[in-house]
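Student: What follows is a protein structure lacking sequence information:
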């Protein structure tokens, strides 16, 4: 029996790059187009999941209502946020709850909502989008510092921290005139310096994401996101962004303040299956008494999720083989398509909608928030075991 090994991360021979990688430079940004085949000769391995830990309600301190924002800290402790329960919980590597870091309220050291949180050294940086507050906590739960942001930061998500610079993605609401229509909504990658009374605000990059917007007679309305913004960060410097339906990753470098690289690979797109179509029919929104469902798609989004693991970028794709499982691609930070592998999920733990906010990888283990047969929640930790082919 083999556990996941360093073979996924092994360097490849330099001479292969000339045949499988094309790179050009446009206005300082590398555009890298990879072949459909990775560089490694060990690609296509299949892994199954062996459960090694399960965290569930204990009837006392742990009560999961709607757990989300699952993350693993550099020391291996497990974090999850439950907005309904008002908890930002930390568990040790054995699943024992260490503490709840959230103090509910609007005063000093308090939070109304955790929009996002990141780890920096021995601290947790928490962003409350409602209060427009940045709160630093140490691992003991003590407040290190806190401050408010400018109003310009409203409707943002916190994605990256580089010493004294906080990076957000801020979107602009677009109102159509009369009829539902597809709209390119601008999303700005911005930064704030802090802390301080007069925080410096910079607009760094603008990206456009397609949405299907339904106007309302009373103003406002609603929309379905056609493109999805999926991000992950690394080394307090790089922000990896997937924000299109087709296979494309952009790399923002906080040192330069710009997107320095975009890369993709040749990819066979996947059409929606019957299950996907049925799910979209059940969802939807009601505006002015009329129900709207997500527009029909010719293809599902190529990229379902992205993760940084052991200085590599893991891309969860839309490709799923009934015998092998879900395909994950492995890239170097330089955009080279190095490897791929499959994870064979079961019916009970197969991730939905890319598992956004419900999945994490750390030190060769896979973590996931799952729904049980009785509709309760559990956090499971798995070892990845290589199948013999």
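Tutor: Received the coordinates, thanks. As the structure is a prediction and not an experimental result, all values here were calculated from the model.
Student: Tell me who's in contact with the residue lying closest to residue 122 once chain neighbours are set aside.
Tutor: Leaving aside its chain neighbours, residue 122 sits nearest to residue 139 (5.5 Å; criterion: CB to CB, 6 or more residues apart in numbering). Every residue, glycine included, has its C-beta placed from N, CA and C. Applying CB atoms under 8 Å, 6 or more residues apart in numbering to residue 139 gives the contacts 90, 122, 123, 124.
Student: which of those residues count as buried?
Tutor: Among these, those classed as buried by 16 or more other CB atoms under 10 Å are 90, 123, 124.
Student: Export those residues to CSV and append columns for distance to residue 208, secondary structure and pLDDT.
Tutor: Compiled in CSV, the buried ones among the contacts of residue 139 are given as follows (distance: CB to CB, whole Å; DSSP: H, G, I helix; E, B strand; the rest coil; pLDDT from 0 to 100):
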residue, distance to residue 208, secondary structure, pLDDT
90, 37, strand, 96
123, 34, strand, 97
124, 32, strand, 98
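Student: Please, which helix or strand holds residue 213?
Tutor: strand 201-215 (DSSP states H and E).
Student: Just checking: what are the partner strands of the helix or strand following that strand?
Tutor: Moving toward the C-terminus from strand 201-215, the next helix or strand (DSSP H and E) is strand 221-225. Sheet pairing here is set by DSSP bridges, and for strand 221-225 it gives strand 201-215 (antiparallel).
Student: The stretch 251-389 of the chain: strands as residue ranges?
Tutor: 258-265, 285-287, 290-292, 303-309, 312-321, 325-331, 337-344, 359-362, 365-371, 377-386 (DSSP state E, counting those that start in this stretch).
Student: Give me the mean pLDDT for the third one.
Tutor: Confidence over strand 290-292, taken as the mean pLDDT, stands at 87.
Student: Could you list the buried residues of that strand?
Tutor: Those buried within strand 290-292 under the rule 16+ other CB under 10 Å are residue 292.
Student: hang on, the earlier thing: okay, buried residues for the strand holding residue 213 please.
Tutor: The neighbour-count check on strand 201-215 (16+ other CB under 10 Å) flags 205, 207, 209, 210, 211, 212, 213, 214, 215 as buried.
Student: Give me the nearest residue to the fourth one, chain neighbours excluded.
Tutor: Counting by CB to CB, 6+ apart, residue 210 lies nearest to residue 226, which is 4.3 Å off, once chain neighbours are set aside.
Student: And for residue 230, nearest residue in space, chain neighbours not counted?
Tutor: residue 242 (4.4 Å).
Student: That neighbour - how many residues pack around it?
Tutor: If you count neighbours by other CB atoms under 10 Å, residue 242 ends up with 24.
Student: What residues sit buried inside the helix or strand where residue 147 lies?
Tutor: Residue 147 is part of strand 143-148, with elements assigned from DSSP H and E. Within strand 143-148, the residues scored as buried using 16+ other CB under 10 Å are residue 146.
Student: Okay, now the sheet partners of that strand, with direction.
Tutor: Strand pairing for strand 143-148, using DSSP bridges, gives strand 133-138 (antiparallel).
Student: which parts of the strand it pairs with are buried?
Tutor: 133, 134, 135, 136, 137.
Student: Next: stretch 39-54.
Tutor: For stretch 39-54, by 16+ other CB under 10 Å, it's 39, 40, 43, 45, 46, 47, 48, 49, 53.
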